[in-house]
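Engineer: everything below, folded, please.
(one chain, ligands or ions: 2)
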Amino acid sequence: MKILAIESSCDETAAAVTEEKKILSSVVVSQIAEHAVYGGVVPEIASRRHAENIVQVVKKALDDAKASLSEIDTVAVTYAPGLIGALLVGVNFAKGMALALKKPLIPVHHIRSHIASNYITNPSLKPPFMCLVASGGHSHIVMVNDYTDFKVLGRTVDDAAGECFDKSARTLGLPYPGGVHLDKLADAGDASLYNLPHPHVSGKYDMSFSGLKTAVINLVHNEKQKNGELGEQMRADIAAAVRCRVCDMLIDSTMRAASDFGVKQLAVAGGVSANSELRRRLKKECRCAGIDFYLPDLSLCGDNAAMVGVQAYYEYQNGHIAGSDLNAYATMPIEKDYEN
Ligand code: KG4
Ligand code: ZN
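Structural biologist: Ligands and ions are numbered 1, 2, ... in the order given. Sure thing, here's the model as predicted:
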């Protein structure tokens, strides 16, 4: 079954052609350079660029897969959660395609699709497993009971881990989105020189990143007052301390949940799963705990449509098919199946 998948939930316009867990093509057009000028995603600009790019992106995905429209069996699209105007571009385009092709339309939840990126890199992975999903907008510890059956065990009570990375990076003068730049800078730093807070929250597997974000802003401000502009080594040391503390919080909650629930398989997903320290440390923790550990390929950690196509395959198997009244939603719990 060939699926044409579309993703436009934030600042990447993406389309892919997939067949079960196999990628036949995957095209991602990023708007990052344009949003970087403003230090964050400007929703109105994102919607306009999606509308401008989507025809070419879908056409390229079909061309790269050497697939004609008549070979497409279903059309899949991210319908929630995300920026509403951005989502609507993809949803309306997919609705039009499905209607014109007379093929089923499959709505896909963004976080479910991030989790599905693991099936592409590790085709042997099957539920049940636990997944840490950390991105710019979400930080969830999810039990994946089955391909379309999810239970959130823990989540951030305030900011997402990616938001904490991005704001800390901005404070250190790094370009947007700063997570990847902070990760590189941290490699040259000593994480032990700054004692950043590790907040504890009441939910056993919940996390909190906003206090850490504020502490980094205050730390940089104070260092600048004392010493003027920060030197390269001091910036690297602060970056290393931030990276270490974000990883501490993600790993502590994840491994506590894994132990309590007797988890045998653990996966990570979302943009922050590209973080080198998180990947390294979780791998080691899982080896020590006798848990099989799964990571998506770096190219699949950020937003893309291949993961949407793969999750759509399982949504379709479970009869989650939308009508032409499909709407987009800025928020939507991962547990909730699409209801027609
Ligand atoms: O999943 P994603 O592409 O978009 C959302 O759904 O939010 O995640 C983007 C987030 C950004 O906050 C970005 O800075 C972060 O993932 N990120 C990283 C790294 N690469 C991307 N954070 C830490 N280390 C990285 N290497
Ligand atoms: Zn995402």
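
Engineer: how about residue 71: what's its closest non-neighbour residue?
Structural biologist: residue 2 (5.5 Å; CB to CB, 6 or more residues apart in numbering). (Glycine included, C-beta is placed from N, CA and C.)

Engineer: which secondary structure elements does the helix or strand that contains residue 180 contact?
Structural biologist: Assigned by DSSP states H and E, residue 180 belongs to helix 179-186. Contacts defined by 3 or more CB pairs under 8 Å, 6 or more residues apart in numbering; DSSP states H and E place helix 179-186 against helix 161-171, helix 232-260, helix 276-289.

Engineer: so residue 133 belongs to a strand, correct?
Structural biologist: Yes: Residue 133 forms part of a strand when assessed by DSSP: H, G, I helix; E, B strand; the rest coil.

Engineer: can you name the residues that contact it?
Structural biologist: 111, 114, 115, 139, 140, 141, 142, 268, 269, 270, 273 (CB atoms under 8 Å, 6 or more residues apart in numbering).

Engineer: and residue 51, by the same measure?
Structural biologist: Residue 51 touches residue 89, counting by CB under 8 Å, 6+ apart.

Engineer: could you report the pLDDT at it?
Structural biologist: For residue 51, the pLDDT comes out at 98.

Engineer: only the buried residues of the helix or strand harbouring it, if you could.
Structural biologist: Element membership of residue 51, judged by DSSP H and E, is helix 43-64. Of the residues in helix 43-64, 43, 45-47, 49-51, 53-54, 57-58, 61-62, 64 count as buried by neighbour count, 16 or more other CB atoms under 10 Å.

Engineer: and the gap between the residue nearest to residue 71 and residue 13?
Structural biologist: As judged by CB to CB, to the nearest Å, residue 2 and residue 13 stand 21 Å apart.

Engineer: and these two? Which one has more around it.
Structural biologist: Neighbour tally, residue 2 and residue 13, criterion other CB atoms under 10 Å: the higher count belongs to residue 13, 29 against 17.

Engineer: and the more buried one, how far from ligand 2?
Structural biologist: According to CB to the ion, to the nearest Å, residue 13 and ligand 2 sit 13 Å apart.

Engineer: quick check: phi and psi at the residue most central in space within the chain.
Structural biologist: Nearest to the mean C-alpha position of the chain, by CA atoms, centre = their mean, lies residue 270 at 2.6 Å. Here the main-chain torsion angles of residue 270 (degrees, to the nearest 10) amount to phi 90, psi 160.

Engineer: so what's it up against?
Structural biologist: By CB under 8 Å, 6+ apart, the contact list for residue 270 reads 111, 114, 133, 134, 135, 138, 162, 301.

Engineer: in this structure the first one contacts residue 137, no?
Structural biologist: No: contact criterion CB atoms under 8 Å: residue 111 and residue 137 do not qualify, at 9.2 Å.

Engineer: more neighbours, those two?
Structural biologist: residue 111 (25 against 19).

Engineer: so where does the more buried one fall, helix or strand?
Structural biologist: Here residue 111 sits within helix 110-121, counting by DSSP H and E.

Engineer: can you check residue 173 too?
Structural biologist: Per DSSP H and E, there is no helix or strand for residue 173.

Engineer: my read: it touches residue 234, true?
Structural biologist: No: assessed by CB under 8 Å, residue 173 is found out of contact with residue 234, at 11.7 Å.

Engineer: count of neighbours near the closest residue to ligand 2 within the stretch 201-340 of the chain?
Structural biologist: Among all residues of the stretch 201-340 of the chain, residue 303 sits closest to ligand 2, at 4.4 Å; criterion: CB to the ion. Using other CB under 10 Å, residue 303 has 27 neighbouring residues.
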